[in-house]
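**Q** I would like to see how this sequence folds:
(2 chains)
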Amino acid sequence: DGGITQSPKYLFRKEGQNVTLSCEQNLNHDAMYWYRQDPGQGLRLIYYSQIVNDFQKGDIAEGYSVSREKKESFPLTVTSAQKNPTAFYLCASNTYNEQFFGPGTRLTVL
Amino acid sequence: QKEVEQNSGPLSVPEGAIASLNCTYSDRVSQSFFWYRQYSGKSPELIMSIYSNGDKEDGRFTAQLNKASQYVSLLIRDSQPSDSATYLCAVNVMGSQGNLIFGKGTKLSVKP
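**A** Coordinates of the predicted model:
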């Protein structure tokens, strides 16, 4: 099956911990994205990558980091510098103009 | 600051009625427009894309685009309770190779 997978589905973090969210796609898409969604809010762009080994900051990159070592993978690390990380995190990838989403990871800080 | 505006709702319609969802955008040069459906607790699902002025129909869904008015809408005919969800409007960012700006979404409730 072609698609975008994210893991884990739910993640709990203690104060001061870094955590990494996984995003994998087998759609052969070049571009990949990470968004954050808070209740009642739209999607806010954290980071995006158009090609392997290159990525750009989005609107709310502070406290987050990414890597793009393979075309299929775009992991997101939520660092301890992110003061309010509890949110729904969505990974997406693009073909031409259309963007498709993975199932999301819900991160909660304890 | 490029923006996409939607009424947050909730928009409540009876089963079988037409639901009309509206979206305005600020960037006059935007070329690509999308509607996503998001069920509670789930990720957004692309349901319609439109690139030219006018109407585009796909089953019970019709997207309408008016670039002069910077307005895009989604009509859902014969609304079903299963259409109850939040609908997100998204607009491309020119020169960004696929980046989108999303509205905050309109919550639709279809009452049986």
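**Q** Grab the most central residue of chain A for me.
**A** residue A:34 (3.3 Å; C-alpha atoms, centre = their mean).
**Q** Where does it fall, secondary structure wise?
**A** Here residue A:34, judged by DSSP states H and E, is contained in strand A:31-37.
**Q** Which element, helix or strand, includes the residue nearest to residue A:56 when sequence neighbours are not counted?
**A** Nearest residue to residue A:56 in three dimensions, chain neighbours excluded: residue A:48, at 5.6 Å (C-beta to C-beta, 6 or more residues apart in numbering or on different chains). Quick note: C-beta positions are derived from backbone N, CA and C, even for glycine. Assigned by DSSP H and E, residue A:48 belongs to strand A:43-51.
**Q** Show me what that strand packs onto, helices and strands only.
**A** strand A:31-37, strand A:54-57, strand A:64-66 (3 or more C-beta pairs under 8 Å, 6 or more residues apart in numbering or on different chains; DSSP states H and E).
**Q** okay, those in JSON lines with mean pLDDT next?
**A** Shown next, in JSON lines, are the helices and strands packed on strand A:43-51 (pLDDT from 0 to 100):
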{"stretch": "strand A:31-37", "mean pLDDT": "97"}
{"stretch": "strand A:54-57", "mean pLDDT": "96"}
{"stretch": "strand A:64-66", "mean pLDDT": "97"}
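**Q** quick one, which of those strands is nearest to residue B:46?
**A** Minimum separation from residue B:46 across the helices and strands packed on strand A:43-51 (C-beta to C-beta) falls at strand A:31-37, 13.5 Å.
**Q** just to revisit the earlier point, bridging residues for the residue nearest to the centre of chain A?
**A** residue A:47, residue A:91 (DSSP bridges).
**Q** what's near enough to touch it?
**A** A:21, A:23, A:45-48, A:58, A:64, A:66, A:74, A:76, A:89-92 (C-beta atoms under 8 Å, 6 or more residues apart in numbering or on different chains).
**Q** same thing but at 7 Å, please
**A** The contact partners of residue A:34, by C-beta atoms under 7 Å, 6 or more residues apart in numbering or on different chains, come to A:46, A:47, A:66, A:76, A:89, A:91.
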